[in-house]
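Sharing a model that was predicted from the sequence below.
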Amino acid sequence: MTIRFDKLGVVIAAIVAYAAFAAPFATFRANRIVPGEARSMLEALPAATGSLLLATVVAAALVALLKTPLILRLAASVVALAALAVLIGVAGSFLTPEGNAFARISPASGFWLLIFAFTLLLADVLTRLNLSPWARVGVLVLAALAIGLLLASGSWNNLSILKEYANRADSFWAEGSKHVTLALGSLAAAAVVGLPLGILCHRVDKLRAGVLNVLNIIQTIPSIALFGLLIAPLGWVAVHVPGAASLGIRGIGTAPAFLALFLYSLLPVVANTVVGLAGVPRAANDAARGMGMTDRQRLFGVEFPLAFPVILTGIRIVLVQNIGLATIAALIGGGGFGVFVFQGVGQTAMDLVLLGAVPTVALAFAAAIILDAAIEMTATKRRVETA
Amino acid sequence: MKEAGIKTWLPSLLRLALVVLLVAFVTNPGWFEPLLKPLTENNAPAIYNQGSLLTLTLLHLRTVLIATVAATIVAVALAILVTRPAGVEFLPLSRSLVNIGQTFPPVAVLALAVPAVGFGEKPTLIALFLYGLLPIFENALTGLTTLPANVVEAARGAGMTGWQRLTKVELPLSAPIILGGIRLSVVISLATATIGSTVAAKTLGEVIIAGLLSNNLAFVLQGGLIVAALAVLIYDGLSAIERYTARRMGREAE
């Protein structure tokens, strides 16, 4: 029997070989802003554990390298990722000198590359397994639970990012809820305004080009500028419109951020509503008319359900985009995870940047998976019903 | 496009006016001071005074250009690779990677690149490059996988080698769609490059951020408007090239 190599496995094995043997596993710093000292995998962990991790990683890479059954590849990637996740916490405790509150241990390039390599393997397996939408959401929930467990167990507490978190746990959740409120609230507002606007554009030809052009131009204004430009009009409203200030409308802060995100969200919602409605088969519309449906019945009973997957795609674009853009709100005092990112950039404290960036990426990622699953479910449901 | 009169020449005229206005503004911002003065408070300067707008505009464009060229080369090469028989194994994975990549917010990419390469232009280039890859790769993939089968068959039947088919048939035919991806990528990059100024890159974002920090609305407005004007003009220009190639290739753009 000849040994056959997996093409992707060759790439993964090369990354793993470099990351495990040549790159640092963790970085040790005497305090949060001095440059770090690299520690290899064997130096960063107690002797037996270090060798065990090395053996696990190499074995998993071999599984990836050879042509092996999917289930084995799945197991290898999950085991390797789990071992890395648990043991980086162990490295944190092992490298922190007894009773030293200033030392910072953070994962280094080797660790990130290993995570990347095995995530690649896992992503490949999951893609090839062709999971159903529900199963994908299930995998996401499992991963979130595992990470939540690790966080709750305190095994990561000696890592630098969690030390930053411990210093500002209260503001972390406050900014987090602001971030989610900004992203979801502006999306809800855009849906409430954008859907009727989209329907109107679909029905009235003359309106369509004009509205879409204006929204297109809004999209080209850079986000920082749009945030800034809304400060003045909202400041004016706060001063001159009675009651506005008590509603929380102010020149700086959440109000301009909310409005800017809302404006950015309109284009994908309106454009996808128009495209979705335009894609409704003529036959379906004719049949509905023939059955004596009124315009309103046709809209809610036929057109809207058929266009729904496309509209949902627009919502997905908006949600992922808003979660990312909400970080910029911090520049105008709007809060959100961006506060930590920009504070961290200002203090050159990368752990603080990570404290802001990691939850943002995780949120956007989760939102994308959940909405993709929802889109697929509505689309297949439609196909089954119409078949 | 058949009816003559105001509808046909008005857009071109507007575009021309926008170009003239933009050039006048970045070369002689002083002319526009009276317009912007009412937006400032406490006698603050109305025109950005910590650097020339022209230089910043050119640096902004240079950053976007470098990132887009690099992203185009890599994205098209990758798309070609995964559509050849040898790389077809990577196709599903590369699709999911593209989807995952698009969920990364640009600010996060920018901030995370800083520890690796330091402050300045480099993290901005990396963020723009990574962010620009996705639309181009996606469109190149669409272009290369939706070629009319009979044309590809004919090329094979005519005895063309794989390389000839790629350069003489497949790439030219996908050009309009790939251009569409480049256009999207450029517009995203133009706006994202402004965020680069939060990590000390020299772009027009500097003007906007200076305005935000000193509460000077005139700065925010001029920085934002220059970027928006650049984006609108470049978007228009690339759309025109796209339509032109699409007509030549007999393929409908988008």
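Yep, that arrived. Please read all numbers here as calculations on a predicted model, not as lab measurements.

So residue B:247 versus residue A:317, what's the distance?
29 Å (C-beta to C-beta, to the nearest Å). Just so you know, the C-beta spots here come from the backbone N, C-alpha and C atoms, and that holds for glycine as well.

what residue lies at the spatial centre of chain B?
Closest residue to the average C-alpha location of chain B: residue B:186 at 0.3 Å, with C-alpha atoms, centre = their mean.

Could you look up the SS state of residue A:27?
What DSSP: H, G, I helix; E, B strand; the rest coil gives for residue A:27 is strand.

Please list the residues of the stretch 51-200 of chain B that sit near chain A.
B:87, B:89-90, B:92-93, B:95-97, B:99-100, B:102-108, B:111-112, B:114-115, B:187, B:190-192, B:194-195, B:198-199 (C-beta under 8 Å from any C-beta of the partner chain).

Which ones among those residues map onto helices?
Members of these lying in helices (criterion: DSSP state H): B:92-93, B:95-97, B:99-100, B:106-108, B:111-112, B:114-115, B:187, B:190-192, B:194-195.

buried subset of those?
Listed as buried from those are B:92-93, B:97, B:99-100, B:106-108, B:111-112, B:114-115, B:187, B:190-192, B:194-195; burial here means 16 or more other C-beta atoms under 10 Å in any protein chain shown.

on that earlier part again, if you count what's nearby, which of residue B:247 and residue A:317 comes out ahead?
Just comparing residue B:247 and residue A:317: by other C-beta atoms under 10 Å in any protein chain shown the higher neighbour count belongs to residue A:317, 19 against 12.

my read is that one is in a helix, agree?
Yes: per three-state DSSP, residue A:317 lies within a helix segment.

Enumerate every residue touching it.
A:268, A:272 (C-beta atoms under 8 Å, 6 or more residues apart in numbering or on different chains).

what do you get for residue A:182?
Neighbour list for residue A:182: A:254, A:257, A:258, A:261, A:322, A:326, A:329, A:334, A:335, A:336 [criterion: C-beta under 8 Å, 6+ apart].

go on, residue A:134?
If a contact means C-beta under 8 Å, 6+ apart, then residue A:134 has A:373, A:377 as its contacts.

cool, and the one 5 residues further on?
Counting by C-beta under 8 Å, 6+ apart, residue A:139 makes contact with A:126, A:131.

Same question for residue A:298.
A:285, A:288, A:289.

go with 6 Å
Applying C-beta atoms under 6 Å, 6 or more residues apart in numbering or on different chains, we find residue A:298 in contact with residue A:288.

Could you do the one 5 residues further on as well?
When the contact criterion is C-beta under 6 Å, 6+ apart, the partners of residue A:303 are A:277, A:280.

How much space separates it from residue A:200?
Computed as C-beta to C-beta, the residue A:303 to residue A:200 distance reads 13 Å.

Buried by neighbour count: which residues of the helix or strand hosting residue B:141 qualify?
Per DSSP states H and E, residue B:141 falls inside helix B:121-145. The neighbour-count check on helix B:121-145 (16+ other C-beta under 10 Å) flags B:121-144 as buried.

for it, packing partners?
Counting contacts by 3 or more C-beta pairs under 6 Å, 6 or more residues apart in numbering or on different chains; DSSP states H and E, helix B:121-145 packs against helix B:53-83, helix B:91-101, helix B:106-117, helix B:171-195.

And the next helix or strand past that helix?
Proceeding N to C from helix B:121-145, the next assigned helix or strand is helix B:149-157, under DSSP H and E.

And that next one, how far out from the chain middle?
A distance of 33 Å separates the centroid of the chain from that of helix B:149-157, by C-alpha atoms, centre = their mean, to the nearest Å.

Run through the residues that contact residue 25.
You didn't pick a chain, so chain A it is. Contact analysis of residue A:25 by C-beta under 6 Å, 6+ apart lists A:40, A:41, A:44, A:108, A:110, A:111.

right idea, wrong chain: chain B
Going by C-beta under 6 Å, 6+ apart, residue B:25 touches residue B:32.

For residue A:263, see how far away residue A:269 is.
Residue A:269 sits 11 Å away from residue A:263, going by C-beta to C-beta.

any idea what sits nearest residue A:131, other than its immediate chain neighbours?
Of all residues not flanking residue A:131 in the chain, residue A:139 sits nearest, at 7.0 Å (C-beta to C-beta, 6 or more residues apart in numbering or on different chains).

how about the helix or strand where the one you found lies: buried residues?
Element membership for residue A:139 (DSSP H and E) is helix A:133-153. Of the residues in helix A:133-153, those buried by neighbour count under the rule 16+ other C-beta under 10 Å are A:133, A:136, A:137, A:140, A:143, A:150.

For the residues you listed, give me JSON lines that also has distance to residue B:179 and pLDDT.
Output for the buried residues of helix A:133-153, formatted as JSON lines (distance: C-beta to C-beta, whole Å; pLDDT from 0 to 100):
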{"residue": "A:133", "distance to residue B:179": "33", "pLDDT": "87"}
{"residue": "A:136", "distance to residue B:179": "33", "pLDDT": "89"}
{"residue": "A:137", "distance to residue B:179": "36", "pLDDT": "92"}
{"residue": "A:140", "distance to residue B:179": "36", "pLDDT": "92"}
{"residue": "A:143", "distance to residue B:179": "38", "pLDDT": "91"}
{"residue": "A:150", "distance to residue B:179": "46", "pLDDT": "89"}
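
Closest to residue A:84 out of the residues you listed?
Nearest to residue A:84 among the buried residues of helix A:133-153: residue A:150, at 11.2 Å, using C-beta to C-beta.

low-scoring stretches of the stretch 51-200 of chain B, by residue?
For the stretch 51-200 of chain B, no stretch is flagged by pLDDT under 70.

can you do 90?
B:51-53, B:82-123, B:126-135, B:138-139, B:141-177, B:180-181, B:183-185, B:187-200 (pLDDT under 90).
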